[in-house]
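Novice: below are the sequence and a predicted model; questions follow.
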Amino acid sequence: MTLPTALVIGPMKAGTTWMHDYLEARGDVCLPLEVKETFYFDRYHDRGLDWYRHHFRHWDAARHRIAVEVAPSLFHSPDAPSRVRNDLGEVPLIVARRDPVARSWSHYMHLRRYGYTRKPLEEAVTEFPQILTASRYEERLEVWREALPEARIVELDLDVLKTDPDAYVRQLCDALAIPVTPVPEALAGESNKGAVPPSYLAAKFGRSLSYKLRSLGLYNVVNAAKAVGLKPLFFGRGSVRASAKPTEAERALLAERLGLGG
């Protein structure tokens, strides 16, 4: 077993799923076993470092070059920076950048998709301040730099991924100090599209059930449910068609709340 020697800290909805899938496809990067995110540094820190280390029990020095977790919820977590410093030290950190308004809207739609809220945007940003907080890049980066002043922090822009995936991969691999491998064909042109759930109650139930199973360590049950195609029944199917777009008023609201003007 080992611990990560680098972290992708998010924020969510800015290309982190693509990063995870690329690193997973390589085969020489040790990611958490059976689960994409452990939520150790924000939700489950009280379970202890041995619990976290157990997620990397499949580490194989003959096969793996590096151990990494892609943990996008950490970027806006108030507790994560100090916990990372105390548990992992000054490890390299990767931050995913995206247009702040687009990222916030996508975050809001994510919360709707998974049954956290069905409130309109203006009410949701009050109930879930992370919709805005995670888009305040400079403010959050300052917190991370204060907590880990010696850590190398590399920012990767989603626009580069969209226009030149090979350049994006070179930046990612350089940040992790691993050799570049080509982008798998399955990931070419792929992006993590949002979706509209079939119903708020279905999404809320599916999310609650998934979290309960994960909290019990039953990752294999969750993965089996995904494999047989149950996820879209609760959360909808991600596609360009299914992704709701913000109105001009909603865009203006986000820009104003983020301090970006009109």
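Specialist: Yes, it's here. The shown structure was predicted, so the numbers you read here are calculated from the model rather than taken from an experiment.
Novice: for Lys119, which non-adjacent residue is spatially closest?
Specialist: Distances taken as Cβ to Cβ, 6 or more residues apart in numbering put Glu127 closest to Lys119, at 6.5 Å, once the chain neighbours are dropped. For glycine as for every other residue, the C-beta is placed from the backbone atoms N, C-alpha and C.
Novice: what's around Ala186, how many residues?
Specialist: By other Cβ atoms under 10 Å, the residues close to Ala186 number 9.
Novice: ok, and the closest non-adjacent residue to it?
Specialist: Counting by Cβ to Cβ, 6+ apart, Ala186 lies nearest to Ala25, which is 7.4 Å off, once chain neighbours are set aside.
Novice: list the buried residues of the host helix or strand of that neighbour.
Specialist: Per DSSP states H and E: Ala25 is located in helix 16-26. Applying a neighbour-count criterion of 16 or more other Cβ atoms under 10 Å, one finds 16-23, 26 buried in helix 16-26.
Novice: cool, and stretch 87-107?
Specialist: Buried residues in stretch 87-107, counted by 16+ other Cβ under 10 Å: 87-88, 91-98, 100-107.
Novice: repeat for stretch 31-40
Specialist: 31-32, 35-40.
Novice: show me where pLDDT drops low in the stretch 51-200 of the chain?
Specialist: Across the stretch 51-200 of the chain, the ranges flagged by pLDDT under 70 are 189-200.
Novice: all strands of it, in order?
Specialist: Secondary structure of the stretch 51-200 of the chain by DSSP state E, counting those that start in this stretch: the strands cover 66-70, 93-97, 153-157.
Novice: want to throw the ones you listed into TSV with distance to Arg251?
Specialist: Shown next, in TSV, are the strands of the stretch 51-200 of the chain (distance: least, Cβ to Cβ, whole Å):
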stretch	distance to Arg251
strand 66-70	28
strand 93-97	19
strand 153-157	20
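Novice: of all these, which lies closest to Gly115?
Specialist: Proximity to Gly115, assessed across the strands of the stretch 51-200 of the chain by Cβ to Cβ, is greatest for strand 66-70 (23.0 Å).
Novice: pull up the pairing partners for that closest one, direction included.
Specialist: Take DSSP bridges as the rule and strand 66-70 pairs in its sheet with strand 6-10 (parallel), strand 29-30 (parallel).
Novice: just give the nearest non-adjacent residue to the residue nearest in space to the middle of the chain, would you?
Specialist: Geometric centre of the chain, nearest residue: Pro72, 3.0 Å, by Cα atoms, centre = their mean. Closest residue to Pro72 apart from its sequence neighbours, by Cβ to Cβ, 6+ apart: Gly10 at 3.2 Å.
Novice: who does that neighbour bridge with?
Specialist: Residues in beta-bridge contact with Gly10 (DSSP bridges): Val95.
Novice: who are the contact partners of it?
Specialist: 16, 71-76, 95-96, 134 (Cβ atoms under 8 Å, 6 or more residues apart in numbering).
Novice: helices - which of those residues land there?
Specialist: Counting by DSSP state H, those place Thr16 in helices.
Novice: what are the buried residues along stretch 61-75?
Specialist: Of the residues in stretch 61-75, those with enough neighbours to count as buried (16+ other Cβ under 10 Å) are 64-75.
Novice: let's have those residues in a markdown table, adding distance to Asp157.
Specialist: Below are the buried residues of stretch 61-75 laid out as a markdown table (distance: Cβ to Cβ, whole Å):
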| residue | distance to Asp157 |
| --- | --- |
| His64 | 28 |
| Arg65 | 25 |
| Ile66 | 22 |
| Ala67 | 25 |
| Val68 | 19 |
| Glu69 | 21 |
| Val70 | 17 |
| Ala71 | 19 |
| Pro72 | 15 |
| Ser73 | 20 |
| Leu74 | 19 |
| Phe75 | 15 |
